[in-house]
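Asks: Here is a sequence with its predicted model. Questions after.
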Protein chains: 2
Amino acid sequence: MIPAMPPYEPSAYPPFAVTVDLVVLTVRRHALSALIVRRGEAPFQGRWALPGGFVRAEEDLAEAAARELAEETGLHTHGPVADDAPAYAAHLEQLATYGDPKRDPRMRVVSVAHLVLAPDLPAPRPGGDVGGARWAPVETLVGPAADDGQEHPPLAFDHRRILADGVERARSKIEYSSLATAFCPQEFTVGELRRVYEAVWGVALDPRNFHRKVTGTPGFLLPTGGTTTRQGGRPAQLFQAGGATLLNPPMLRPEV
Amino acid sequence: MIPAMPPYEPSAYPPFAVTVDLVVLTVRRHALSALIVRRGEAPFQGRWALPGGFVRAEEDLAEAAARELAEETGLHTHGPVADDAPAYAAHLEQLATYGDPKRDPRMRVVSVAHLVLAPDLPAPRPGGDVGGARWAPVETLVGPAADDGQEHPPLAFDHRRILADGVERARSKIEYSSLATAFCPQEFTVGELRRVYEAVWGVALDPRNFHRKVTGTPGFLLPTGGTTTRQGGRPAQLFQAGGATLLNPPMLRPEV
DNA sequence: GCAAAAGTGTTATTTATACACCCATGC
DNA sequence: GCATGGGTGTATAAATAACACTTTTGC
């Protein structure tokens, strides 16, 4: 990019650093879990945080998010970004931007948070400069139990708030979209999909009505022809995500 | 803010400028309309654009958005920001962030777009350095008719895309929240609220079923006791927005 | 009286809910 | 056989959609 025009008056634009932070969610052992990494450097050295990093000079925001995701987990994405989806592909979307002047003690940093929904993975593959990575059930990080500090000390920066916003987005978005399938392997059963909803919402759903609902929504599920007994019991049909992204009518989340 | 810690390694964080852009929507003469301003300086000098400006050094993002809104329109906000609501108060929320490396020809600018929903105002009050401001029906800016350039030349930067995202957000959000009342004056009738839905969605709604629905949703509307005949016909009860923000069950947008 | 907008009643249709019940496998 | 999860049927309740009809104003 050649600046053909004179640059802006410098006093008009205080310099910011821009980062991307990632809320990476999956369902593990019936619990909605988030990926956290241990910080290797100040500030908040040694504390758990969301994965993320600085946006590079010539990089789009979604690009930066996908790069950080790949660097820190080995995950690739479909969704708004690329479509060279390999074995494990995850959904990525922008979540929100956090810019409190004091959110980073060192300098003015604006963080563009992204939400990633991923299937249950073999194991987190920490890479680069992070000192460790793990999946933690979100209740231990944002719920009331997160305050007693039993499982984890509070997340660095404003990451608890960002995580809470990401969890809320995921919980509401699976109501009216087919995004819950992003938590499933490529082929899955109706029961497995139901257990995703139950884990994300923290409720119990009627298996019979759920089955009718999802199989009756056009474009939601595509039968692959195969069956499996990996959950025990009678063999279940295997499905993959159909093309539809919006569910109409939506899945109804039971009242509290 | 005193940097007690040594600053980050400069090579790690390329400097960005951060701006806020505003999608300010209202309903005027049965049409969903957006506020646009004429740019007084390069780049895109003389072209129409969304109102906005640089975020200051010690300013939060929502704060910057509220400031720009007040500067360029005289509007104040309730919602996530302050609550010193004067005569005309508008709803403000963050929309999304746009950071394509080439979106501004001069330098790397990340824009945090905000969505503002305002009641029909007396007149736009352009202030500061803008060369003019007006309300334009959104179809003339983002619809298929926007391409023939009859009404307006294309908006500056990526503002057409930002506006389209804001319109889409408003259209879907009035389905499941009470936000449509932000388009109404403080006191309004059921018919006026229905015409807001009709304008935003571009559909016709059954006045009888609409009336039952909104008056039957607890917390949506609060009767003020007064009546008005300003729309003609039989006097209509006046309401103000009730406390509820989420509508359950939602308003149903008729299929295309 | 007449037009216009507000508001109520009624009915058919669709959708959600809560179950009873049968099916096909592993052990 | 029996436990386990998969899947179908059905009755009831609730929400939606369509529209006839009455009410209260301005002119």
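Replies: That came through fine.

Asks: for chain A, what spans make up the strands?
Replies: Taking DSSP state E as the test, the strands found in chain A are A:17-28, A:31-38, A:48-49, A:52-54, A:76-78, A:89-98, A:109-117, A:133-137, A:221-228, A:236-241.

Asks: Redo those strands as CSV? Include mean pLDDT and mean neighbour count.
Replies: C-beta here means a position set from N, CA and C on the backbone, and glycine is covered the same way. Below are the strands of chain A laid out as CSV (pLDDT from 0 to 100; neighbours: other C-beta atoms under 10 Å in any protein chain shown):
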stretch, mean pLDDT, mean neighbour count
strand A:17-28, 97, 24
strand A:31-38, 95, 22
strand A:48-49, 95, 20
strand A:52-54, 95, 22
strand A:76-78, 78, 20
strand A:89-98, 95, 22
strand A:109-117, 98, 26
strand A:133-137, 92, 18
strand A:221-228, 96, 13
strand A:236-241, 97, 19
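
Asks: So for DNA strand D, which of the ones you listed sits nearest?
Replies: Closest approach to DNA strand D among those is made by strand A:236-241 (3.5 Å; C-beta to the nearest atom of the strand).

Asks: Roughly how far does residue A:197 sit from residue B:249?
Replies: Taking C-beta to C-beta, to the nearest Å as the measure, residue A:197 falls 19 Å from residue B:249.

Asks: more crowded one of those two?
Replies: Remark: of residue A:197 and residue B:249, residue A:197 carries more neighbours, 22 against 9, as counted by other C-beta atoms under 10 Å in any protein chain shown.

Asks: Quickly note the distance from the more buried one to chain B.
Replies: Using C-beta to the nearest C-beta, to the nearest Å, we find residue A:197 at a distance of 18 Å from chain B.

Asks: Over to residue A:221?
Replies: From residue A:221 over to chain B (counting by C-beta to the nearest C-beta), the distance is 22 Å.

Asks: can you pull the contacts of that residue?
Replies: For residue A:221, the contact set (C-beta atoms under 8 Å, 6 or more residues apart in numbering or on different chains) comprises A:190, A:193, A:214-215, A:239-242.

Asks: nearest to residue B:16, of these?
Replies: Closest approach between the contacts of residue A:221 and residue B:16, by C-beta to C-beta: residue A:241, at 36.0 Å.

Asks: Isn't that closest one up against residue A:222?
Replies: Yes: the pair formed by residue A:241 and residue A:222 meets the contact definition of C-beta atoms under 8 Å, at 7.0 Å.

Asks: any idea how far residue A:237 is from residue A:76?
Replies: In terms of C-beta to C-beta, residue A:76 sits 28 Å off from residue A:237.

Asks: and the closest residue to residue A:30 other than its chain neighbours, how far is that from residue B:191?
Replies: Nearest residue to residue A:30, sequence neighbours excluded (C-beta to C-beta, 6 or more residues apart in numbering or on different chains): residue A:199, at 5.1 Å. Using C-beta to C-beta, residue A:199 is found at 45 Å from residue B:191.

Asks: So between those two, which is more surrounded?
Replies: Of the pair residue A:199 and residue B:191, residue A:199 is the one with more neighbours under other C-beta under 10 Å, namely 20 against 15.

Asks: residues in contact with the more buried one?
Replies: By C-beta under 8 Å, 6+ apart, the contact list for residue A:199 reads A:27, A:30-32.
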